[in-house]
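Visitor: what follows is a predicted structure for the sequence shown.
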Amino acid sequence: MTTETERIALFIDGANLYATSKTLGVDIDYKRLLKEFQDRGRLVRAYYYTALLEDQEYSSIRPLIDWLDYNGYAVVTKPAKETIDSLGRRRVKGNMDIELAVDAMEMADKIDHMILFSGDGDFRRLVEAVQRKGCKVSVVSTMSTHPPMVADELRRQADEFVDLVSLAPKVSRNPAERPERAPRTAPERRPPSTTE
């Protein structure tokens, strides 16, 4: 996939990687993910893109975003837009494609290898443009689901496709590293749950 002298940048479409890893049952350990690519070459930057609902008192993704921000990732966020459609259903829109594309084009002259964690077919033209600048592009997603989580046109455009299933043993959270929960001896009082 990479050589030790390659300048590498990771571009992680957070929502897309989350959906892919959840579908596969893979629990990504972002510390191990960073280490994996630091070992493969000279990691110039690791971007993580996600939209956040600003009016929420608590967001389940906020602890992850904070951890990534303090542990070697360049986190790019923007407010998600919440609307109600004509049938009264709540819709949340938080597309980060433009932010990722702008950063990738700006970095293309400074790296040898772009690694895109997304299966979104909208990125095919971006991959093509980065390749024209002389960059190798790997796409990380999966073909192991039905339907596949990666758009066929994106997979075909990439110089290399990496199925997250094959990468999972190197970047998944090790279940043995999780603290064991002690069995309950008496009922615990729990604070009221917060819904998203």
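Guide: Arrived safely, thanks for sending. None of the values given here were measured: they were computed from a predicted structure.
Visitor: C-alpha only now, for contacts and for neighbours.
Guide: Noted.
Visitor: gap between the host helix or strand of Arg125 and the chain center?
Guide: Using DSSP states H and E, Arg125 maps to helix 124-132. Centroid separation for helix 124-132 versus its chain: 19 Å, with C-alpha atoms, centre = their mean, to the nearest Å.
Visitor: do stretch 118-133 as well
Guide: Distance, centroid of stretch 118-133 to centroid of chain: 16 Å (C-alpha atoms, centre = their mean).
Visitor: what ranges does this protein have for its strands?
Guide: Using DSSP state E, the strands found in the chain span residues 7-13, 42-52, 74-79, 81-84, 90-93, 113-117, 136-141, 160-163.
Visitor: turn the ones you listed into TSV, including distance to Leu64, mean pLDDT and mean neighbour count.
Guide: Formatted as TSV, those follow (distance: least, C-alpha to C-alpha, whole Å; pLDDT from 0 to 100; neighbours: other C-alpha atoms under 10 Å):
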stretch	distance to Leu64	mean pLDDT	mean neighbour count
strand 7-13	14	98	23
strand 42-52	11	96	20
strand 74-79	10	93	16
strand 81-84	21	82	12
strand 90-93	20	76	12
strand 113-117	17	98	24
strand 136-141	20	98	24
strand 160-163	23	98	18
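Visitor: how about CSV for those, with distance to Leu154 added?
Guide: Listed next are the strands of the chain as CSV, based on distance: least, C-alpha to C-alpha, whole Å:
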stretch, distance to Leu154
strand 7-13, 14
strand 42-52, 19
strand 74-79, 23
strand 81-84, 27
strand 90-93, 22
strand 113-117, 10
strand 136-141, 8
strand 160-163, 9
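Visitor: nearest to Arg125 among those strands would be which one?
Guide: Closest approach to Arg125 among the strands of the chain (C-alpha to C-alpha): strand 136-141, 12.0 Å.
Visitor: and that closest one with helix 124-132, angle?
Guide: 150 degrees (axes from the mean of the first three to the mean of the last three C-alpha atoms, to 10 degrees).
Visitor: okay, the lowest-mean-pLDDT helix or strand in the chain in CSV with CA atoms only?
Guide: None of the helices or strands of the chain scores lower by mean pLDDT, DSSP states H and E than strand 90-93, at a mean of 76. Output of strand 90-93 as CSV, limited to C-alpha atoms (Å, rounded to 0.1, in the frame of the first residue of the first chain):
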residue,chain,number,x,y,z
ARG,A,90,-36.8,15.4,10.9
ARG,A,91,-33.9,15.6,8.5
VAL,A,92,-30.3,16.4,9.4
LYS,A,93,-27.9,17.6,6.7
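Visitor: give me the low-pLDDT residue ranges for the protein?
Guide: 1-3, 55-58, 175-196 (pLDDT under 70).
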